[in-house]
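Student: Kindly return the folded structure for what I paste below:
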Amino acid sequence: MLTVKGVVLNQRTVGEQDRFIDVLTADYGVLEIMVKGAGKLTSKTGSATQLFAYSEFCLADKKGRSGGARMLNSVTPIRIFYELRQSVTAVALASYCSQVLQFAVLPRAGVPELLRLMLNCLHFLTQKGTDERQLKAVFELRAAALLGFLPDVIMCRTCGTYLPEELVFYIEDGYFVCKDCAEETD
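Tutor: Here you go, the predicted structure:
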């Protein structure tokens, strides 16, 4: 048995009542979990395994599959983010964030800060007055930094000057140089 806390990033229906969900966890990256009977009206797991739900999952290995999907044994909802459904643009941005993380995070490669980033984004999307364009930009920059794509803004790429007063960004090549080096190349 494995117990993890995570956010549901994606769900896929299998058959009439079963569902596969992809869950972003702090320690194990994105896990694929098989949820039996999630489509039933009387399902006890329905709300805790819906899209964007933050829950605690108790998992068992699926027989006959090593390293693949796990079976859901039990689940306890922590936060459902129901208020998110009041805005179409908020749901669209939450879907975008979940897709980015689903494809960028490797299975069994946990990054706890990414789970915290997703939870913070979902929280702010449920708040009235949130600037969604700004939140999207913050999410993209922070996710890129956590995934190892942060630009070097501490020193000039050409001469190595540490913390130059002015930096020039070459957008096509994706790097910074100090003002003196930029004037020399122009």
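Student: What ranges does the chain have for its strands?
Tutor: 2-14, 18-25, 29-35, 54-61, 70-79, 167-170, 175-178 (DSSP state E).
Student: Adding distance to residue 185 as columns, could you present those in a markdown table?
Tutor: Yep, even glycine has a C-beta here, placed from its N, CA and C like the rest. Formatted as a markdown table, those follow (distance: least, Cβ to Cβ, whole Å):
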| stretch | distance to residue 185 |
| --- | --- |
| strand 2-14 | 43 |
| strand 18-25 | 42 |
| strand 29-35 | 41 |
| strand 54-61 | 49 |
| strand 70-79 | 51 |
| strand 167-170 | 9 |
| strand 175-178 | 8 |
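Student: Nearest to residue 148, out of those?
Tutor: Residue 148 lies closest to strand 29-35 among these, at 14.4 Å (Cβ to Cβ).
Student: which residues sit against the closest one?
Tutor: The contact list for strand 29-35, computed with Cβ atoms under 8 Å, 6 or more residues apart in numbering, reads 4, 6, 9, 14, 18-25, 45, 49, 57, 59, 62, 68-72, 101-102, 105-111.
Student: pLDDT averaged over that strand - what is it?
Tutor: For strand 29-35, mean pLDDT rounds to 90.
Student: Correct me if wrong: residue 100 contacts residue 143.
Tutor: Yes. Contact criterion Cβ atoms under 8 Å: residue 100 and residue 143 qualify, at 6.2 Å.
Student: ok, these two, which is more surrounded?
Tutor: Taking other Cβ atoms under 10 Å, residue 100 and residue 143 do not tie; residue 143 has more neighbours (21 against 18).
Student: for that one, what are its contacts?
Tutor: When contacts are taken as Cβ under 8 Å, 6+ apart, residue 143 is in contact with 97, 100, 101, 104, 114, 117.
Student: Next, format those as a markdown table and append distance to residue 125 and pLDDT.
Tutor: Shown next, in a markdown table, are the contacts of residue 143 (distance: Cβ to Cβ, whole Å; pLDDT from 0 to 100):
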| residue | distance to residue 125 | pLDDT |
| --- | --- | --- |
| 97 | 9 | 96 |
| 100 | 14 | 94 |
| 101 | 15 | 93 |
| 104 | 19 | 88 |
| 114 | 16 | 93 |
| 117 | 13 | 95 |
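Student: distance between the longest helix along the chain and the chain's centre?
Tutor: Under DSSP state H, the helix in the chain containing the largest number of residues is helix 88-104. Averaging C-alpha positions (Cα atoms, centre = their mean, to the nearest Å) puts helix 88-104 8 Å from its chain's average.
Student: Thank you, goodbye.
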